[in-house]
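Novice: Everything below, folded, please.
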Amino acid sequence: MEINSEFILYVSDQKNSRDFYSKVLNMEPGLDVEGMTEFQLSGRTKLGLMPYAGIRKILEKYTPDPGSAAGIPRCELYLLSENAAEYCSRALAAGAIEISPLKIRDWGDSAAYYSDPDGHIVVFAEKLFTDQK
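Specialist: Residues are numbered from 1 along each chain as shown. All right, here's what the predicted structure looks like:
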């Protein structure tokens with residue numbers, strides 16, 4: 001059985017994050033309503049952007065306020081493609097902060113690390129060997 005996945009980043013400014021990811025991913029969101037923006041990354045995988053105010057209503061008093069960690073890396077979004085350098089260029093043009101440039105990593109990928117407007121770590125990578133999964 002395959003599982004559909006949606007990774008949701010909590011963001012301070014939904015419109016700003018939507019515009020950032022639209023530029024970086026070179027695509028428009030499939031859903032963009034107050035409280036949620038979604039990008040279809042692949043057949044079964046989506047990236048969601050939810051403002052802090054929206055997630056606060058769901059989490060209520062049961063967890064710390066995600067907004068209190070603004071700017072602190074809280075996740076890593078690892079995006080594999082066939083041309084990581086192209087994504088890196090778009091990320092820089094969109095205002096991402098480069099953390100570590102595109103280079104060959106110990107695990108066999110060529111990968112670059114960036115910080116998005118909310119401090120989430122976004123990695124653009126590509127497999128160097130076709131026999132890797």
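
Novice: Specify the local secondary structure of the most centrally placed residue in the chain.
Specialist: Centroid-nearest residue in the chain, with CA atoms, centre = their mean: Leu77, separated by 4.8 Å. Secondary structure assignment for Leu77 (DSSP: H, G, I helix; E, B strand; the rest coil): strand.

Novice: Enumerate the beta-bridge partners assigned to it.
Specialist: Assessed by DSSP bridges, Leu77 has beta-bridge partners Val122.

Novice: doesn't Leu47 make contact with it?
Specialist: Yes. Contact criterion CB atoms under 8 Å: Leu77 and Leu47 qualify, at 7.2 Å. For glycine as for every other residue, the C-beta is placed from the backbone atoms N, C-alpha and C.

Novice: shared neighbours of these two, which are they?
Specialist: Common neighbours of Leu77 and Leu47 are listed as Phe7, Leu9 (criterion: CB atoms under 8 Å, 6 or more residues apart in numbering).

Novice: Please point out which parts of the worst-scoring helix or strand of the chain on mean pLDDT sit buried.
Specialist: Scoring the helices and strands of the chain by mean pLDDT, DSSP states H and E places helix 52-59 at the bottom, with a mean of 88. Within helix 52-59, the residues that count as buried by 16 or more other CB atoms under 10 Å are Tyr52, Gly54, Ile55.

Novice: Strands along the protein, start to end?
Specialist: With DSSP state E, the ranges of strands along the chain come out as 5-11, 31-33, 36-42, 45-51, 76-80, 97-104, 109-115, 121-127.
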